[in-house]
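K.L.:
I would like the atomic coordinates for the input below:
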Amino acid sequence: MRAVAVLLVIVFHAFPSHLKGGFVGVDIFFVISGFLISGILLKELRRGTIHFTNFYARRVRRIFPALITVLGLLLVLGCFVLIPEELKQFGKHVAVASVFGSNFLLWSEVGYFDNLADTKPLLHLWSLGIEEQFYLVYPLLLWLAWKARVNLFVAMTVVFSISFAWNLSRFGASDGYQFYSPQTRFWELMVGSMIAFAVVTRPPILKEMRLWSMARIGRLCSLPTVRVESIARHSLAGVGLGLIVLGALSISPNDSYPGVLALLPTLGAALLIATGPDTLVGRRILSHPIIVWFGIISFPLYLWHWPLLSFQRLLNGETPSAILRLGVVLLSVLLAWITTKLIESPLRFGRYQVAKVSVLLGAIVVIGSAGFGIYKKDGFIRFSLLANTRTGPAQSIGSVSKEANLTQSPEPISSTSRSATPASAAKQGPPADHRNSSMKGTPANAISQASTDSPSSNINRPILPPGVVNDGDLGHDIIHKYVADKFYPCTPEAIYKQALSWAGLVRCQQSKPSEPIEILLLGDSHAEHLFLGLVEALPKKQIGYYIQSAVPVLSSPEFKLIFDTVAETKEIKTVILTAWWYGRGVPKAELKATLNFLLAKGKKVYITDDVPTFFFDPAICKYEGRLPGSSPRCTQETPATGDPNEVNLRALAEIVEEDPRVTLIKTMKYLCQSGACFMGKDGQLLYRDQTHLNINGSRLVGKKIVAEYPELRR
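P.N.:
So this is what the prediction gives:
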């Protein structure tokens with residue numbers, strides 16, 4: 001059954017469009033783990049007690065050899081092929097994986113700006129985290145129930161019921177809790193535990209119920225009881241396999257999971273375990289030599305396959321071809337077999353078991369410490385391995401001096417705490433000496449750069465690490481921290497309180513502390529990423545932004561308070577409305593109604609077409625090629641026909657043509673020329689991910705908007 005589970009997961013990860021529900025293989029693993037571990041513990045209890053030291057020593061010998069091998073080799077590989085931002089995240093994930101907390105880390109990272117799943121090489125270790133957390137808690141609970149003479153099956157049923165109810169209570173939640181929380185997953189392991197209880201203890205009542213039901217069915221069908229039992233066992237095994245297949249084919253990543261849907265693979269696995277190997281399914285399918293072989297290498301295969309697919313995605317900057325992905329899967333099978341034969345089996349079995357456990361525990365500490373060290377160094381370990389000798393120290397983007405930070409600050413930097421309300425921020429006003437403001441983690445180019453058109457203007461830019469071709473911030477931490485430190489909480493307070501956040505930073509800002517907003521950016525994160533550029537291009541104006549993760553139209557419930565506030569606030573003279581039209585579409589009728597509403601309230605209304613969406617990662621543009629013979633990539637050709645950007649632009653143009661009071665700002669042309677769009681130019685990176693402008697990009701687009709529409713200055 002391990003083979004079925006791991007093969008489902010691998011097919012889903014490598015070819016998700018062909019098996020959208022293959023991730024249910026993890027649920028099968030949970031049931032198997034619950035069954036095996038409970039079987040071991042229940043047998044020990046029958047002999048008198050649970051030997052916790054021996055139990056955990058076995059877990060170390062089972063899990064650590066392959067895990068240490070994979071983490072260690074990947075960490076070394078990452079130092080040579082990952083860029084600093086990626087290596088920093090990878091180091092953090094290695095450190096957390098070494099203490100089996102990956103599910104909690106991934107849960108904390110869930111959000112609109114979360115990295116693509118296939119750019120996280122250790123994403124799959126969330127399930128290992130849940131299993132190990134179960135192993136920490138469950139043996140003690142089982143032992144305490146046994147010591148208290150509580151019926152163990154009743155205790156198991158209670159734990160199952162609480163966890164399953166918890167899982168259902170989180171149905172539909174989008175914060176990752178339902179998927180990554182051990183509380184919402186333990187019930188799947190308890191299913192296996194309850195089967196183990198029936199197999200190990202063989203309670204008489206179960207035997208009596210089985211014999212009675214088989215006899216009744218035999219009399220009804222005029223068949224011997226033995227024959228009825230055989231048919232039932234074969235049939236239930238077939239049903240179990242069918243439930244797993246149904247789950248793999250019908251469930252999709254868009255479904256709220258686990259929820260009720262997880263019952264399909266969970267009950268399917270339970271039926272296959274309960275009916276045993278002596279069934280048609282067991283003999284013909286699960287006992288086939290190839291399936292058995294995959295079962296033997298299943299754990300190292302699970303560990304290897306996803307990091308290799310993810311590294312391939314990172315190196316390519318986009319989803320690799322199916323042939324390349326197939327090659328990676330075959331490589332992971334080879335590595336899994338080698339790991340099993342040369343590392344896992346020798347360390348798991350044989351003599352010197354105490355010494356082996358000690359060495360393995362020490363090794364996992366070293367691996368985790370190495371990952372944490374790389375994380376604390378912001379991922380710049382890579383360049384110390386590959387860098388050519390150059391004059392001057394290579395300075396981390398995350399450790400710029402205060403003097404360099406503040407040379408080109410056109411507005412005072414706010415020292416207001418992010419927990420402060422807009423009212424309290426206004427009372428504080430600008431700090432007397434903005435040099436005391438914390439700017440850690442802010443790139444030099446983000447602050448010291450006076451012009452986005454001429455890289456040579458960065459007089460105070462520190463020496464960058466080797467390998468950087470186009471200078472600029474990647475990811476979302478830097479720009480959000482910079483905006484939060486430099487500007488002020490938006491007003492009114494009601495809008496601020498319902499605003500979105502990122503890593504504890506509220507994403508609702510305005511350029512000045514107390515004056516009412518004059519120019520409002522309204523939309524989603526694509527309105528937000530214009531804020532910094534427009535503020536610096538219009539230093540005399542009070543500019544703010546209100547955003548939600550939705551299309552900014554009247555019919556959107558997320559925007560109800562925002563539109564009510566805009567309508568009531570006479571000081572807001574200008575509204576610039578925009579969104580990620582490429583991903584959200586252009587709802588023409590609703591957009592017309594929204595524009596008419598704003599015009600009726602006396603607002604000057606602009607609408608933007610949006611900047612281009614790219615299909616490769618900006619890291620490919622920022623750095624030199626990761627591998628010999630490769631080079632940076634910064635441009636993307638626009639399709640000759642059917643370009644969604646052009647389709648959206650036409651839809652927006654048609655809306656504007658019907659009402660000349662609305663002005664269409666075409667930002668696409670600022671980043672596209674001669675049939676191609678660029679995310680980096682003249683030594684500067686303009687994007688922080690595939691769709692969002694970074695600090696450089698915001699400045700470039702903001703400056704060009706104001707140059708083309710000078711009436712915004714008035």
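
K.L.:
helix or strand with the lowest mean pLDDT in this protein?
P.N.:
helix 402-406 (a mean of 30; mean pLDDT, DSSP states H and E).

K.L.:
run a quick neighbour tally on E571.
P.N.:
10 (other CB atoms under 10 Å). Quick note: C-beta positions are derived from backbone N, CA and C, even for glycine.

K.L.:
for it, give its distance to L598.
P.N.:
Between E571 and L598 the computed distance is 15 Å (CB to CB, to the nearest Å).

K.L.:
kindly report the same for F294.
P.N.:
Separation of F294 from L598 (CB to CB): 61 Å.

K.L.:
go on, V281?
P.N.:
V281 is 63 Å from L598, by CB to CB.

K.L.:
got it, and I343?
P.N.:
65 Å.

K.L.:
who's more crowded, those two?
P.N.:
More neighbours surround L598 than the other of I343 and L598, with 23 against 16 (other CB under 10 Å).

K.L.:
the more buried one belongs to a helix?
P.N.:
Yes - L598: assigned to a helix according to DSSP: H, G, I helix; E, B strand; the rest coil.

K.L.:
ok, it to V553 distance?
P.N.:
Distance of L598 to V553, computed by CB to CB: 11 Å.

K.L.:
could you list the low-confidence segments of the stretch 551-700 of the chain?
P.N.:
Where the stretch 551-700 of the chain drops to pLDDT under 70, the residues are 627-629, 640-642.

K.L.:
can you give me the strands in the chain?
P.N.:
For the chain, strands defined by DSSP state E occupy the ranges 488-489, 501-502, 505-506, 509-510, 519-523, 543-547, 574-578, 604-608, 635-637, 662-665, 672-673, 676-678, 680-681, 684-685.

K.L.:
what about those, which gets the closest to R47?
P.N.:
Closest to R47 of these is strand 501-502 (CB to CB; 53.5 Å).

K.L.:
given that closest one, what are its sheet partners and their directions?
P.N.:
Strand pairing for strand 501-502, determined by DSSP bridges: strand 505-506 (antiparallel).

K.L.:
residues making contact with the partner strand?
P.N.:
The contact list for strand 505-506 (CB atoms under 8 Å, 6 or more residues apart in numbering) reads R418, H480, K481, A484, P489, Y496, A499, L500.

K.L.:
could you dump the residues you listed to CSV with pLDDT and distance to Y623?
P.N.:
Converted to CSV, the contacts of strand 505-506 look like this (pLDDT from 0 to 100; distance: CB to CB, whole Å):
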residue, pLDDT, distance to Y623
R418, 33, 31
H480, 93, 22
K481, 93, 22
A484, 93, 27
P489, 95, 35
Y496, 94, 37
A499, 93, 34
L500, 91, 30
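
K.L.:
please identify which pair of these lies farthest apart.
P.N.:
Greatest spacing in the contacts of strand 505-506, by CB to CB: K481 and Y496 (17.8 Å).

K.L.:
list the contacts of the residue lying closest to F12 once chain neighbours are set aside.
P.N.:
Nearest non-adjacent residue to F12, counting by CB to CB, 6 or more residues apart in numbering: G22, 2.6 Å away. Going by CB under 8 Å, 6+ apart, G22 touches L8, V9, I10, V11, F12, H13, P16, A248.

K.L.:
how about a cut-off of 7 Å?
P.N.:
L8, V9, V11, F12, A248 (CB atoms under 7 Å, 6 or more residues apart in numbering).

K.L.:
what's the closest non-adjacent residue to the first one?
P.N.:
If I follow you right, that is L8. Using CB to CB, 6+ apart, the closest residue to L8 is G25 (3.5 Å).

K.L.:
what does the last one give?
P.N.:
In space, not counting the residues next to it along the chain, A248 is nearest to G21; the distance is 4.5 Å by CB to CB, 6+ apart.

K.L.:
residue contacts, that neighbour?
P.N.:
G247, A248, L249, S250, I251, S252.

K.L.:
if you set the cut-off to 10 Å instead, what comes out?
P.N.:
Neighbouring residues of G21 by CB atoms under 10 Å, 6 or more residues apart in numbering: 8, 12, 244-253, 255, 257, 261, 264-265.

K.L.:
same thing with P639?
P.N.:
Neighbouring residues of P639 by CB under 10 Å, 6+ apart: N645, E646, G675.

K.L.:
how near is it to N316?
P.N.:
In terms of CB to CB, P639 sits 20 Å off from N316.

K.L.:
and the residue located most distally from the centre of the chain, how far is that from R216?
P.N.:
Most distant from the centre of the chain: S222, at 57.6 Å, with distances by CA atoms, centre = their mean. Distance of S222 to R216, given as CB to CB: 12 Å.

K.L.:
what does K703 give?
P.N.:
Following CB to CB, the distance that separates K703 from R216 is 83 Å.

K.L.:
which one of these two is surrounded by more residues?
P.N.:
Per other CB under 10 Å, whichever of K703 and R216 has more neighbours is K703, with 18 against 12.

K.L.:
isn't that one up against L530?
P.N.:
No - if you go by CB atoms under 10 Å, K703 and L530 don't touch, sitting 11.2 Å apart.

K.L.:
now stretch 153-171: buried residues?
P.N.:
By 16 or more other CB atoms under 10 Å, the buried positions in stretch 153-171 come out as F153, A155, M156, V159, F160, S163, F164, W166, N167, R170.

K.L.:
quick one: which of those sit in helices?
P.N.:
Among the buried residues of stretch 153-171, the members found in helices (DSSP state H) are F153, A155, M156, V159, F160, S163, F164, W166, N167.

K.L.:
from the residues you listed, which is closest to V191?
P.N.:
Closest to V191, out of all of those and judged by CB to CB, is F160, at 6.9 Å.

K.L.:
which ones are touching the closest one?
P.N.:
By CB under 10 Å, 6+ apart, F160 lies in contact with G34, F186, W187, E188, L189, M190, V191, S193, M194.

K.L.:
one more: R185?
P.N.:
By CB under 10 Å, 6+ apart, the contact set of R185 is 26-27, 30, 103, 126-127, 130-131, 133-134, 163, 166-167, 178-179, 258, 262.

K.L.:
for it, report the pLDDT, please.
P.N.:
pLDDT for R185: 96.

K.L.:
excluding chain neighbours, what is closest to V535?
P.N.:
Residue nearest to V535 in three dimensions, not counting chain neighbours: S511, with 4.4 Å by CB to CB, 6+ apart.

K.L.:
go ahead and confirm that neighbour touches P489.
P.N.:
No - with contact defined as CB under 10 Å, S511 and P489 do not form a contacting pair (11.7 Å).

K.L.:
tell me how many other residues surround the closest residue to S310 other than its chain neighbours.
P.N.:
Once flanking residues are discounted, S310 sits nearest to P121: 4.0 Å by CB to CB, 6+ apart. By other CB under 10 Å, the residues close to P121 number 26.

K.L.:
now the one 4 residues further on
P.N.:
Applying other CB under 10 Å, we find 29 other residues in the vicinity of L125.

K.L.:
ditto for G362
P.N.:
By the criterion of other CB under 10 Å, G362 has 11 neighbours.
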